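Peer 1: What shape does this take:
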Amino acid sequence: MSQCWQQWEYCELRQEITQGVMHRQYILFYHAGETSQQVNITNRENAIAQLGLEGWEMVGTSGSFTQDSSGFRIFFKRPLAEDDES
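Peer 2: Here you go, the predicted structure:
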C-alpha cells in the first residue's frame, strides 16, 4: 500500500527595516521548482487577514522590529491543491 503525504505551499510576509525605518513590505510566495513570486503590500494587518481568508496558516516568525535588525518575517503554509501537485 502506498502512503500519500500532505504537500504544502509556503509564503512569507517580509518587512525590511534599517535603523528603525521600514523600507519594504511584501509577500513572497514559494512554489517548488519555480522562482518565488513577490507581491508588494502597504498594510500588514490587511495582508494577514487576506492570507487567512485564502487558507494560509501562520506557522512561525523570525527577526524583530529593533533598529539594528534586518526586519521581521512571518511564515505561512497551506495544503497544496491536488491539481497543483507534481
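Peer 1: only C-alpha atoms for contact and neighbour calcs from this point on.
Peer 2: Fine.
Peer 1: Might you calculate how far the one helix or strand in the chain whose mean pLDDT sits lowest sits from the centre of the chain?
Peer 2: Using mean pLDDT, DSSP states H and E, strand 21-30 stands out as the lowest-scoring helix or strand of the chain, at a mean of 81. The chain centroid and the centroid of strand 21-30 are separated by 9 Å under C-alpha atoms, centre = their mean, to the nearest Å.
Peer 1: Residues touching whatever helix or strand comes next after it, excluding its own?
Peer 2: Tracing the chain C-terminally past strand 21-30 and defining elements by DSSP states H and E, one meets strand 37-40 next. Residues outside strand 37-40 that contact it (C-alpha atoms under 8 Å, 6 or more residues apart in numbering): Arg24, Gln25, Tyr26, Ile27, Leu28, Phe29, Tyr30.
Peer 1: Nearest spatial neighbour of Arg44, chain-adjacent residues omitted?
Peer 2: Leaving aside its sequence neighbours, Arg44 sits nearest to Gln25 (C-alpha to C-alpha, 6 or more residues apart in numbering; 7.8 Å).
Peer 1: Quick check: that neighbour touching Thr42?
Peer 2: Yes: using C-alpha atoms under 8 Å, Gln25 makes contact with Thr42 at a distance of 6.7 Å.
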